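Participant: Fold the following, please.
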Amino acid sequence: MRTKTYLMAGLLFLGLNAGWSQNFTIARIHYGGGGDWYCDQSSLPNLLDYIASHTPLHTDPEVQLTLTDPELYQHPYLYMTGHGNIRFTDEEVAILRQFLLAGAFLHADDCYGMDASFRREMKRLFPDKEWVELPPSHPLFSSVYSFPQGLPKVHEHDGKPPQALGLFDGDRLMVLYTYETDLGDGWEDEEVHHDPAEIREAALQMGVNIVYYALSQ
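Facilitator: Sure, this is the predicted structure:
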């Protein structure tokens, strides 16, 4: 494993949030619209445990919050997933846009079914930006573990290849959208989906890559 420097993005907000934690954690977004924002409940705890046991990072438990929660600014690494509809209020659009432009990072993982609504809501945030597909040569796929073919495929749905899509602020990746891969399912407890051990390991290693790349931009 090639160790990366832990550049704590939350320091951007330390002046406004004196209680910001020094340990890394992931904030799951509780969104409206009817989609199951809470799905894959064992996924983030397992990923955070894997990060703590396989890398130098110390981790805290997952947090769950809405975009209007005052604690949002203490958690610059955001995550969202689901199978259904996503709808942000106008206030949430403004908050998330400002937070991402200020240095926060969002990883959205389609658990099969959120694609159309997620793309619609991102267009509300950034109407002038287009998704850019990250090729296997992108450093995201070699930040810690090597993925020469790009994203691993955890579950099959429509016969489409997995895609890593990004929205950028200059050279900085603000939003990573992992599509047709089901990484979150691969992070879950083995008894949930009964995926082979090598698939679950690949999904967890890709999760480590995403975290380390986001923190070292």
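
Participant: Just want to check the distance between the residue nearest to the spatial centre of the chain and Phe168.
Facilitator: What sits nearest the mean C-alpha location of the chain, by CA atoms, centre = their mean, is His107, with 2.2 Å. Using CB to CB, to the nearest Å, one gets 14 Å for the distance from His107 to Phe168. Bear in mind the C-beta positions are built from the backbone N, C-alpha and C, glycine included.

Participant: what do you get for Asp182?
Facilitator: Asp182 is 24 Å from Phe168, where distance means CB to CB.

Participant: the more surrounded of these two?
Facilitator: Asp182 (28 against 14; other CB atoms under 10 Å).

Participant: tell me which element the residue lying closest to Phe126 once chain neighbours are set aside falls in.
Facilitator: Using CB to CB, 6 or more residues apart in numbering and skipping residues adjacent in sequence, the residue nearest Phe126 is Leu167, 5.9 Å away. Secondary structure assignment for Leu167, by DSSP states H and E: strand 163-169.

Participant: can you list contacts of that strand?
Facilitator: Strand 163-169 has contacts (CB atoms under 8 Å, 6 or more residues apart in numbering) with 100-101, 122, 126, 129, 131-134, 138, 140-141, 150-151, 173-181.

Participant: what sits against Met206?
Facilitator: Met206 sits next to Tyr145, Phe147, Leu151, Pro152, Leu183 when contact means CB under 8 Å, 6+ apart.
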